[in-house]
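S.K.: what's the 3D shape of this:
(one chain, ligands or ions: 2)
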Amino acid sequence: MRTVNAYAAPAATEPLIKTTIERRDVGPKDIMIDIAYAGICHSDIHTVRGEWGQIAYPQVVGHEIVGYVTEVGSEVTKHKVGDRVGVGCMVNSCGECEYCLRGDEQYCAEGNVGTYASVDSADGTVTQGGYSQAVVVTEDFVLRVPENLDFSKVAPLLCAGITTYSPLRHWGAGPGTKVAVVGMGGLGHMAVKIAHAMGTEVTVLSQTMSKEEDGRRLGADNYYATSDADTFTTLANSFDLIINTVSAKLDMGAYLGLLRVDGTLVNVGAPAEPLPVQVFSLIPFRRNFAGSAIGGIRETQEMLDFCAEHGIVPETELISADSINDAYERVLKSDVRYRFVIDAATFA
Ligand SMILES: [Zn+2]
Ligand SMILES: [Zn+2]
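M.R.: Ligands and ions are numbered 1, 2, ... in the order given. All right, here's what the predicted structure looks like:
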């Protein structure tokens, strides 16, 4: 076992504090990663505050992790010491069900093992995430980070990047299609960049016009305020795909009305309360109301390679570990453009 520094939540209602945690010994298929940077995802906050269900404390979160391989097990073939690697939202799965076999480990029939707050199939402990100096992960869940991607900015691709890339790919975003992105936050800004690089026409639907300049700089062709009722008449029946990144209760009927025949509204943001849908907003245009969770390991690697090819990295603000609690408050106020990344050197 190796003891490493980390920032953990001691309870649902308390700020994160500096502590130490144990990482397991490197097994035959394991990789030890010295973490260089870790992104802050809204899910981290929901999880440590118990908003998505009770968890065990203390809990270290963080599932946007990049770092360097420092040790590999005897049977490891995919990575070697010194490699730049990443770990996203899951660290294991059964590997045998139909979904795992086809590369959709995120939908594993047994449930995937989350990077934090899950029971680790390797040793039965509760998984502890990336707000720490090092992590041990089985090689199949470790991604290769292309050399040309700025290492200090790339971490959010491991959650925000793949969460938006996967539905864009699945529902065929590309030249000749029209995609709307609802919300210009951590997920939304990645959806804009990636959709633009895929060659689709991108429209941002944001509460106000305050981030229009950013949206257009990141690749949006059009930008509309959802606070303006005219937006919903102007854009009626016009999109093939809507990526909803907002984790709050929106009027789904209004957004579904923006879809063309066979269009799909896919939710990647997750509000705690139900989103009521009037079936008559689906039937007349054979519209689809969907959800999507991260992406499989093969697709996550494909996303990293796609971002390398197109020079895409998230827009980030680098912080030190002692600013995590302040950063949480700013995430909750949407006061970040567009993702916080923790410099893991400051866990020392
Ligand atoms: Zn996340
Ligand atoms: Zn499985």
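S.K.: which parts of the chain sit against ligand 2?
M.R.: Residues of the chain lying close to ligand 2 by C-beta under 5 Å from the ion are 93-94, 97, 100, 108. The C-beta positions use only the backbone N, C-alpha and C, and glycine is treated the same way.
S.K.: Show me these that map onto strands.
M.R.: Among the residues of the chain next to ligand 2, none falls in strands (DSSP state E).
S.K.: Could you save those residues as TSV and add columns showing distance to P167?
M.R.: Formatted as TSV, the residues of the chain next to ligand 2 follow (distance: C-beta to C-beta, whole Å):
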residue	distance to P167
S93	20
C94	24
C97	22
C100	20
C108	19
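S.K.: ok, and for stretch 144-153, which residues are buried?
M.R.: In terms of neighbour count (16 or more other C-beta atoms under 10 Å), stretch 144-153 has its buried residues at 145, 149, 151, 153.
S.K.: need the longest strand for this protein.
M.R.: Longest strand of the chain, by residue count under DSSP E: strand 30-40.
S.K.: any residue of that one up close to ligand 1?
M.R.: No: with C-beta under 5 Å from the ion as the criterion, ligand 1 is not reached by strand 30-40; the gap is at least 7.8 Å.
S.K.: what sits against the residue most central in space within the chain?
M.R.: Taking C-alpha atoms, centre = their mean, the centroid of the chain lies closest to C159, which sits 2.1 Å from it. Residues in contact with C159 (C-beta atoms under 8 Å, 6 or more residues apart in numbering) are 39, 41, 43, 63-64, 88-89, 294.
S.K.: Just the pLDDT for the residue in the stretch 151-300 of the chain that ligand 2 sits nearest to.
M.R.: Of the residues in the stretch 151-300 of the chain, the one nearest ligand 2 is G296, at a distance of 10.6 Å by C-beta to the ion. G296 carries a pLDDT value of 98.
S.K.: and what of A270?
M.R.: A270 carries a pLDDT score of 83 in this model.
S.K.: Not counting sequence-adjacent ones, nearest residue to the single nearest residue of the stretch 1-150 of the chain relative to ligand 1?
M.R.: Across the stretch 1-150 of the chain, the shortest distance to ligand 1 (C-beta to the ion) belongs to C41, at 3.0 Å. Distances taken as C-beta to C-beta, 6 or more residues apart in numbering place C159 nearest to C41, at 5.0 Å, with adjacent residues excluded.
S.K.: Can you tell me how far the spatially closest residue to the residue of the stretch 151-300 of the chain closest to ligand 2 that is not a sequence neighbour is from E302?
M.R.: Closest residue to G296 apart from its sequence neighbours, by C-beta to C-beta, 6+ apart: G103 at 4.2 Å. With distances taken as C-beta to C-beta, to the nearest Å, G103 is found 10 Å from E302.
S.K.: Close to ligand 1: what parts of the stretch 1-150 of the chain are there?
M.R.: So far as C-beta under 5 Å from the ion goes, the stretch 1-150 of the chain lies against ligand 1 at 41, 43.
S.K.: show me where the stretch 1-150 of the chain has helices.
M.R.: 42-48, 98-101 (DSSP state H, counting those that start in this stretch).
S.K.: re earlier: for the residue nearest to G296, give its distance to ligand 2.
M.R.: Using C-beta to the ion, to the nearest Å, we find G103 at a distance of 11 Å from ligand 2.
S.K.: mind checking how far the longest helix that the chain contains is from the chain centre?
M.R.: Counting residues, the longest helix in the chain under DSSP state H turns out to be helix 297-310. Chain-centre distance of helix 297-310: 14 Å, with C-alpha atoms, centre = their mean, to the nearest Å.
S.K.: just stretch 104-113 next, same as before
M.R.: Relative to its chain's centre, stretch 104-113 lies at 16 Å (C-alpha atoms, centre = their mean).
S.K.: picking up where we left off before, what helices and strands are in contact with the longest strand of the chain?
M.R.: When contacts are defined as 3 or more C-beta pairs under 8 Å, 6 or more residues apart in numbering; DSSP states H and E, strand 30-40 packs onto strand 65-72, strand 84-87, strand 134-138, helix 324-332, strand 339-343.
S.K.: Would you convert these into CSV that also reports distance to A197 and mean pLDDT?
M.R.: Formatted as CSV, the helices and strands packed on strand 30-40 follow (distance: least, C-beta to C-beta, whole Å; pLDDT from 0 to 100):
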stretch, distance to A197, mean pLDDT
strand 65-72, 20, 98
strand 84-87, 19, 98
strand 134-138, 28, 97
helix 324-332, 25, 97
strand 339-343, 18, 98
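S.K.: Make CSV out of those and add distance to A173 and mean neighbour count.
M.R.: CSV is the format used below for those (distance: least, C-beta to C-beta, whole Å; neighbours: other C-beta atoms under 10 Å):
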stretch, distance to A173, mean neighbour count
strand 65-72, 26, 22
strand 84-87, 23, 24
strand 134-138, 30, 24
helix 324-332, 27, 16
strand 339-343, 21, 24
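S.K.: circling back to that earlier point, list the buried residues for the longest helix of the chain?
M.R.: By neighbour count on 16+ other C-beta under 10 Å, the buried set for helix 297-310 is 297, 299-304, 306-308.
S.K.: Having no further points to raise, I will conclude here.
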